[in-house]
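Asks: Need the 3D shape of this:
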Amino acid sequence: MRREPEEFISAVSRALNGREWIVLLLISTLVWYLVKVQFGALGSYLRGEVATSIVHLWTIQFFALMRALLIYTAILVYRLASQLCELGRNSLRIDLLATHRLSPFMGIGQRAVLFAIGGLSSMLVQGALLGGVVLADWVPATLLVVLLSGWLLLRPIWGVHLALRTARNAELARLDAVIGYHEARSVEQLVDPAIEHLQRHRERVLSVSVWPITSSAWWRPVLYFVIPTLAWVAAALVESLVDASL
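Replies: Down below sits the predicted model:
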């Protein structure tokens, strides 16, 4: 069943229902408790471990709101990935000889993965510069970004994968039926050009990948991870050379 663009946009941007609001509030409260109370400044202040000024406690409410907005965005991303999966599964016209046209479904999630890799690279750089990483600041956001980017990468691809597999199996079944029909009617089947043509076409269809993954999908994440790290190494080397020359 094909869907109109307006229907797709409406499904992604509709208001949260009751269950989604409950999930949003529960996750926001849990993240707030872990980050601020269990491991953060508020918990240290309440336990008397540090003498934090009461003026600084305004950041607790501010970051709680920011995390709630982040989780709300995560819900929208989850919807987007699910709708793209359904779109790829049920609303595409599959051309088995031009599967490269389906690469945008890979590109949508790949960009999210590249952002996640960039964030992980900056975390490594911070750890190298400061001698350590504050886990309470990085772990919750990192987990959320990694899980969301992975979901946005894999979920749309899965829908297209199912559509490609169904289309390829249907085409192979059709070709087998046609080849069987020609072989039954042909006495000299080994030299029948129609059968040879159909068999070559069947081999070509059989070689079609049922995953819409391009060759660039493998090296781009590695490249985006290496570039920030090499840039930091180069900056550190330049700084060392300048210090040595002074």
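Asks: Can you tell me the SS state at Trp211?
Replies: In three-state terms, and counting by DSSP: H, G, I helix; E, B strand; the rest coil, Trp211 is coil.
Asks: what does Leu96 give?
Replies: Leu96 - assigned by three-state DSSP - is coil.
Asks: residues in contact with it?
Replies: Going by C-beta atoms under 8 Å, 6 or more residues apart in numbering, Leu96 touches 164, 167-168, 171, 205, 208. All C-beta spots, glycine's among them, are computed from the backbone N, C-alpha and C.
Asks: Near Thr73, how many residues? Count them for me, please.
Replies: Thr73: 12 surrounding residues under other C-beta atoms under 10 Å.
Asks: same deal with Gly109?
Replies: By the criterion of other C-beta under 10 Å, Gly109 has 23 neighbours.
Asks: Quick check: which element contains it?
Replies: In this structure, Gly109 sits in helix 103-130 according to DSSP states H and E.
Asks: Quick check: next helix or strand after that helix?
Replies: helix 135-185.
Asks: what's that next one packed up against?
Replies: Applying 3 or more C-beta pairs under 8 Å, 6 or more residues apart in numbering; DSSP states H and E, one finds that helix 135-185 makes contact with helix 58-90, helix 103-130, helix 193-206.
Asks: tell me what the last one is packed against?
Replies: Using 3+ C-beta pairs under 8 Å, 6+ apart as the contact definition, the elements that helix 193-206 packs against are helix 135-185.
Asks: now the helix holding Gly109: mean pLDDT?
Replies: Averaged over helix 103-130, pLDDT sits at 72.
Asks: would you turn the helices and strands packed on helix 135-185 into CSV with distance to Leu230?
Replies: Listed next are these as CSV, based on distance: least, C-beta to C-beta, whole Å:
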stretch, distance to Leu230
helix 58-90, 30
helix 103-130, 10
helix 193-206, 41
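Asks: related to what we said a few turns ago, out of the contacts of Leu96, who has the most neighbours?
Replies: Most surrounded of the contacts of Leu96: other C-beta under 10 Å gives Leu164, at 21 neighbours.
Asks: isn't that one right next to Asp95, touching?
Replies: No: look at Leu164 against Asp95 with C-beta atoms under 8 Å: they stay out of range, at 10.2 Å.
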